[in-house]
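Visitor: here is a sequence together with a model predicted from it:
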Amino acid sequence: KDQIHIKGVTYTIIKVIGKGGSSKVYQVLHEDSKKIFAVKYVDLECSDHQIVQSYKNEITVLRRLQNKEPIIKLYDFEITPSHIYLVMECGSIDLASFLRKKRVVKDDILFYWRQMLTAVQCIHDEGIIHRDLKPANFLFVEGSLKLIDFGIANAIQSDKTSVTRESQVGTLNYMSPETIQGSDGSQGNGSSNMKINCKSDVWSLGCILYYIIYGKTPFQSITNTMMKLQAICNKDYQIHFPDVGDPLLTDVVKSCLVRDVRKRPSIKDLLSHPYVSSRN
Ligand SMILES: CN1CCC(Oc2ccc(-c3[nH]nc4cccc(OCC5CCCCC5)c34)cc2)CC1
């Protein structure tokens, strides 16, 4: 049996959940407690100092956010010069895989939307902006959505070695216009103003909500990368919002996909939007 030893504790590998460049996520069994965990393994051999630091930053933030419900639990970790092991709670399925399998029932949309908003609000409250939010960053754990990562360290792809990889790593479909145009101050070329930069995550959340409602992201049909980027930034390119019989819901998704950052709502605004606040 393949086993992993972390801080002197033995875990038996059940299966590979996902693979990244230099990282893997396993579903493991903790022998003593017979509990299931997810172990994220990062090979630091061929990782430069920058990458090592990015993983350490991700761990620091993950530990700081441990008391927040919508953030994935970290139980233990081990950092050596050659590898990093993170023992985390194991979810049932990530949102990307879930949405590929089935459409969301309309009444569940509000439930998921509220949880995604509160999860992203947690990292914003810690001064973290993800800037690369997509369904694969959200995980179902006992029926509730939790944020798996904060966009600080490298991304993980789903382990579909056999099937063609529909992984969402590196997808541009959720990227905000200001991130594409580099006017969000992330390259230090402008205001590092938190209030404005948080809005990039609101755009991405809007793309996720759009995908949940309509089964595709707003610019998915534009396959040419350059054309896609231009359309995302082009104020004259109208995104269509077909009626789905819930004007409040279409109002929410429309408001997130406003290209003018100043006119785009904040997470706080979205949590007090009638769609969210007027229903139980
Ligand atoms: C395709 N198939 C995959 C297995 C399963 O989905 C998951 C199960 C557990 C998990 C997970 N739990 N704790 C986790 C802690 C960290 C990272 C995690 O995933 C990372 C990455 C895995 C690939 C998909 C994107 C997220 C973690 C995540 C997906 C069912 C669908």
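Guide: Ah, there it is. On a predicted model such as this, the values are computed, not experimentally measured, just so you know.
Visitor: tell me the contacts of Asp2?
Guide: Thr12, Ile13 (Cβ atoms under 8 Å, 6 or more residues apart in numbering). C-betas here are computed from N, CA, C, even on glycine.
Visitor: how much space between it and the ligand?
Guide: 17 Å (Cβ to the nearest ligand atom, to the nearest Å).
Visitor: again, but for Phe150
Guide: 12 Å.
Visitor: per-residue pLDDT of Val163, please?
Guide: Val163 is assigned a predicted lDDT (pLDDT) of 41.
Visitor: swap in Arg279?
Guide: 81.
Visitor: ok, now Gly151?
Guide: What the model reports as pLDDT for Gly151 is 89.
Visitor: pretty sure it sits in a helix.
Guide: No - per DSSP: H, G, I helix; E, B strand; the rest coil, Gly151 lies outside any helix segment and is coil.
Visitor: any idea how many residues pack against the nearest residue to it once chain neighbours are set aside?
Guide: Nearest non-adjacent residue to Gly151, counting by Cβ to Cβ, 6 or more residues apart in numbering: His130, 4.0 Å away. Counted with other Cβ atoms under 10 Å, residues neighbouring His130 total 22.
Visitor: how close does His130 get to Glu142?
Guide: From His130 across to Glu142, the span is 23 Å (Cβ to Cβ, to the nearest Å).
Visitor: how about Gly91?
Guide: From Gly91 to Glu142 the distance is 8 Å (Cβ to Cβ).
Visitor: next: Pro247.
Guide: From Pro247 to Glu142 the distance is 32 Å (Cβ to Cβ).
Visitor: ok, the two, which is more surrounded?
Guide: Between Pro247 and Glu142, counted using other Cβ under 10 Å, the more crowded position is Pro247 (11 against 8).
Visitor: tell me who's in contact with the more buried one.
Guide: Pro247 neighbours (Cβ under 8 Å, 6+ apart): none.
Visitor: is Leu229 in contact with Leu172, as I believe?
Guide: Yes - counting by Cβ atoms under 8 Å, Leu229 does reach Leu172; the two are 6.6 Å apart.
Visitor: shared neighbours, the two?
Guide: Ile180.
Visitor: what about the residue of the chain found nearest the ligand, helix or strand, and which?
Guide: Ranked by Cβ to the nearest ligand atom, the top residue of the chain for proximity to the ligand is Gly18, at 2.7 Å. If you go by DSSP states H and E, Gly18 is part of strand 9-20.
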